[in-house]
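*Asks:* Need a 3D model of the following:
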Amino acid sequence: MFDNLTDRLSGTFRKLTGKAVLTENNIQDALREVRRALLEADVALSVVKDFIDRVSLRAVGQEVSKSLSPGQAFIKVVQAELEALMGSANAELDLKATPPAVVLMAGLQGAGKTTTAAKLSLWLKQNAKKTVMLVSADVYRPAAIQQLQTLANEAGVEFFASDIDQSPRDIAVAALAEAKRKFVDVLIVDTAGRLAIDKEMMNEISELHSLLNPVETLFVVDAMTGQDAANTAKAFNDALPLTGVILTKADGDARGGAALSVRQITGKPIKFIGMGEKIDALEPFYPDRIASRILGMGDMLSLIEQAEKKVDKEKAERLARKIKKGKGFDLEDFKEQLQQMQSMGGVASIMDKMPGMGALPPGASKMVDDSQFRRMEAIINSMTMRERTNPTVLNGSRKRRITLGSGTQIQDLNRLLKQHKQMQKVMKKMKGGKLANMMRGLGGMQGQGGGFPGGGGGNMPPFR
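*Replies:* Below you'll find the model as predicted:
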């Protein structure tokens with residue numbers, strides 16, 4: 001997300017290097033580029049105009065301190081205004097109510113509302129330690145109820161079975177009574193969507209709102225619709241008292257116009273952002289972290305949180321003990337590391353959150369191809385355990401068998417072995433817990449054009 005905007009802004013900031021002070025003349029070109037970048041990101045015109053005016057007002061005449069370059073000073077202003085645009089902090093769900101606290105999901109058909117309801121139930125279960133019940137009041141879309149039931153089972157939360165012969169009102173009343181009977185903390189109600197906003201739809205959801213008196217009414221909208229997402233959210237907000245917005249499919253949106261437009265147009269905060277198809281791919285929306293990511297400064301807090309949740313600590317500790325004892329780093333260990341990276345969303349997702357990505361050449365992050373990692377894992381899976389622990393036994397016939405079994409080429413296998421050797425060198429520097437040596441080793445790799453597999457240059461072959 002925000003790849004295009006990050007590339008454009010990074011180039012703009014570099015042009016300000018060498019200026020002694022930010023003047024109206026030397027930031028005019030920069031502001032013009034920022035304006036163009038925002039419009040290309042499909043940010044609403046009114047939002048762009050207000051944003052540029054505020055940045056200009058704060059930046060012009062600002063003295064550049066000795067510790068900051070003009071480019072950095074300008075970035076500081078833009079970052080502050082981006083945070084103000086999207087909200088100063090994460091707007092948490094307000095679940096302070098006599099249980100069950102009701103969360104009503106609204107949105108157009110195809111926005112991912114049903115999936116998001118299940119994702120939210122899992123998030124509440126894991127992070128807020130709440131007991132959750134899901135119910136579908138969508139009696140129009142074929143298989144909507146069955147879809148939500150399947151997702152509820154996957155999330156491990158309660159599901160209230162409804163039927164297409166019932167009215168949405170009857171379903172809501174029965175579900176609320178059942179949630180009270182079972183002492184459930186949160187009841188999430190998935191409502192019917194339409195292909196467009198219509199009076200019948202609004203009347204139905206308004207009636208459900210009056211009946212249930214939800215503590216949260218969340219509008220689910222597809223981030224890939226750009227500024228239209230903000231306009232649709234406003235139309236819903238005019239008819240329904242929304243408390244917040246959830247942006248879905250943000251991982252497929254390279255522009256980010258919706259994220260930058262929604263709050264100003266609707267006056268409602270973005271509370272969550274969907275970053276993938278998996279049921280755990282829902283993240284709280286932190287404006288400060290998103291602003292940092294847009295400016296190529298990374299998002300280490302989110303990366304650390306993601307690692308804490310997704311990385312298998314037992315495997316990581318086992319590998320650390322093995323390396324410390326000097327037992328080496330074999331291909332089975334390498335496979336585990338590939339799997340850990342995949343569980344964190346892949347290299348592209350990790351790079352997106354790493355500081356300094358804005359300094360890479362435009363489009364560099366797009367060159368990383370996670371399918372290469374899946375190919376590498378397939379190659380290792382085609383090896384015997386002896387071959388994984390001792391790759392030196394790999395002769396020509398063994399290599400042909402492995403590539404045939406994994407559907408790859410000999411050069412793919414050779415590339416894997418080369419990258420594994422480089423990883424082994426780094427791991428050897430960790431023997432006995434010599435962390436400083438490890439860091440020096442990584443620094444050496446960075447200088448060789450390494451850093452990330454697939455970054456290109458040096459001894460690390462680029463991804464294709």
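*Asks:* low-confidence ranges in the stretch 101-250 of the chain?
*Replies:* By pLDDT under 70, the stretch 101-250 of the chain has no low-scoring segment.
*Asks:* just the stretch 301-450 of the chain next, same as before
*Replies:* Using pLDDT under 70, the stretch 301-450 of the chain drops low at 301-328, 343-370, 428-450.
*Asks:* Repeat the analysis, applying 80 as the threshold.
*Replies:* 301-329, 337-373, 423-450 (pLDDT under 80).
*Asks:* Now do the contacts for the nearest residue to Asp412 once chain neighbours are set aside.
*Replies:* Spatial nearest neighbour of Asp412, chain neighbours left out: Arg375 (6.1 Å); criterion: C-beta to C-beta, 6 or more residues apart in numbering. C-beta here means a position set from N, CA and C on the backbone, and glycine is covered the same way. Neighbouring residues of Arg375 by C-beta atoms under 8 Å, 6 or more residues apart in numbering: Ser406, Thr408, Asp412.
*Asks:* And for Leu124?
*Replies:* Leu93, Lys130, Val132, Asp185, Val186.
*Asks:* Among those residues, which are located in strands?
*Replies:* Val132, Val186 (DSSP state E).
*Asks:* Would you check how far apart the closest residue to Ala144 other than its chain neighbours and Met202 are?
*Replies:* In space, Ala144 comes closest to Asp138 once its chain neighbours are excluded; the distance is 4.0 Å by C-beta to C-beta, 6+ apart. Applying C-beta to C-beta, to the nearest Å, the value for Asp138 to Met202 is 15 Å.
*Asks:* How many residues are close by Asp198?
*Replies:* Applying other C-beta atoms under 10 Å, we find 10 residues neighbouring Asp198.
*Asks:* Give me the distance between it and Ile145.
*Replies:* Counting by C-beta to C-beta, the gap from Asp198 to Ile145 is 22 Å.
*Asks:* in which helix or strand would I find the residue nearest to Asp412?
*Replies:* helix 371-381 (DSSP states H and E).
*Asks:* In terms of pLDDT, where does the spatially most central residue of the chain sit?
*Replies:* Centroid check for the chain by C-alpha atoms, centre = their mean gives Met275 as the closest residue, at 4.0 Å. The pLDDT attached to Met275 in the predicted structure is 83.
*Asks:* ok, it touching Ala250?
*Replies:* Yes: counting by C-beta atoms under 8 Å, Met275 touches Ala250, with 5.6 Å between them.
*Asks:* Strands of the stretch 151-300 of the chain, start to end?
*Replies:* If DSSP state E, counting those that start in this stretch is used as the criterion, the strands of the stretch 151-300 of the chain fall at 158-160, 186-190, 216-222, 244-248, 270-274, 282-284.
*Asks:* The longest one packs against which elements?
*Replies:* Judged by 3 or more C-beta pairs under 8 Å, 6 or more residues apart in numbering; DSSP states H and E, the packing partners of strand 216-222 are strand 101-107, helix 113-127, helix 227-239, strand 244-248, helix 257-266.
*Asks:* what does the fifth one give?
*Replies:* For strand 270-274, the packing partners by 3+ C-beta pairs under 8 Å, 6+ apart come out as helix 113-127, strand 244-248, helix 257-266, strand 282-284.
*Asks:* Make TSV out of those and add distance to Lys234.
*Replies:* What follows is the helices and strands packed on strand 270-274, written out as TSV (distance: least, C-beta to C-beta, whole Å):
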stretch	distance to Lys234
helix 113-127	18
strand 244-248	10
helix 257-266	5
strand 282-284	23
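*Asks:* looking at those, which is closest to Ala172?
*Replies:* Ala172 lies closest, by C-beta to C-beta, to one member of the helices and strands packed on strand 270-274: helix 113-127, at 14.0 Å.
*Asks:* how about that closest one as PDB, C-alpha atoms only?
*Replies:* Taking Å, rounded to 0.1, in the frame of the first residue of the first chain, the C-alpha atoms of helix 113-127 are listed here in PDB:
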ATOM      1  CA  LYS A 113     -18.100  -7.100   4.900                       C
ATOM      2  CA  THR A 114     -18.800 -10.700   5.800                       C
ATOM      3  CA  THR A 115     -15.100 -11.600   5.900                       C
ATOM      4  CA  THR A 116     -14.300  -8.500   7.800                       C
ATOM      5  CA  ALA A 117     -16.900  -9.400  10.500                       C
ATOM      6  CA  ALA A 118     -15.200 -12.700  11.000                       C
ATOM      7  CA  LYS A 119     -11.700 -11.000  11.100                       C
ATOM      8  CA  LEU A 120     -12.900  -8.600  13.700                       C
ATOM      9  CA  SER A 121     -14.300 -11.400  15.800                       C
ATOM     10  CA  LEU A 122     -10.900 -13.100  15.800                       C
ATOM     11  CA  TRP A 123      -9.200  -9.800  16.600                       C
ATOM     12  CA  LEU A 124     -11.500  -9.200  19.600                       C
ATOM     13  CA  LYS A 125     -11.000 -12.800  20.800                       C
ATOM     14  CA  GLN A 126      -7.200 -12.700  20.500                       C
ATOM     15  CA  ASN A 127      -6.400  -9.100  21.400                       C
END
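*Asks:* the domain parsing of the chain - what is it?
*Replies:* For the chain, automatic domain parsing gives the domain ranges 3-86, 101-299, 301-447.
*Asks:* Pick the most buried one from these.
*Replies:* Most buried of the domains of the chain, by mean neighbour count (mean count of other C-beta atoms under 10 Å): domain 101-299, with a mean of 20.
*Asks:* who's in contact with Thr243?
*Replies:* Thr243 sits next to Asp94, Val215, Glu216, Thr217, Leu218, Lys268 when contact means C-beta under 8 Å, 6+ apart.
*Asks:* Mind telling me the two of these farthest from one another?
*Replies:* Largest pairwise distance in these, by C-beta to C-beta, is 14.8 Å, between Val215 and Lys268.
*Asks:* Can you verify my assumption that Thr6 contacts Leu295?
*Replies:* Yes: look at Thr6 against Leu295 with C-beta under 8 Å: they come within range, at 7.1 Å.
*Asks:* and of the helices and strands packed on strand 270-274, who's closest to Ala30?
*Replies:* Between the helices and strands packed on strand 270-274, helix 257-266 lies closest to Ala30; by C-beta to C-beta that is 17.9 Å.
*Asks:* Keeping just the C-alphas, turn the closest one into PDB.
*Replies:* Extracted as PDB, the C-alpha positions of helix 257-266 are listed here (Å, rounded to 0.1, in the frame of the first residue of the first chain):
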ATOM      1  CA  GLY A 257      -6.300   7.600  -1.700                       C
ATOM      2  CA  ALA A 258      -9.100   6.100   0.500                       C
ATOM      3  CA  ALA A 259      -7.000   6.100   3.700                       C
ATOM      4  CA  LEU A 260      -6.100   9.800   3.100                       C
ATOM      5  CA  SER A 261      -9.600  11.000   2.300                       C
ATOM      6  CA  VAL A 262     -12.000   9.100   4.500                       C
ATOM      7  CA  ARG A 263     -11.600  10.900   7.800                       C
ATOM      8  CA  GLN A 264     -11.800  14.500   6.400                       C
ATOM      9  CA  ILE A 265     -14.800  13.700   4.100                       C
ATOM     10  CA  THR A 266     -16.800  11.700   6.700                       C
END
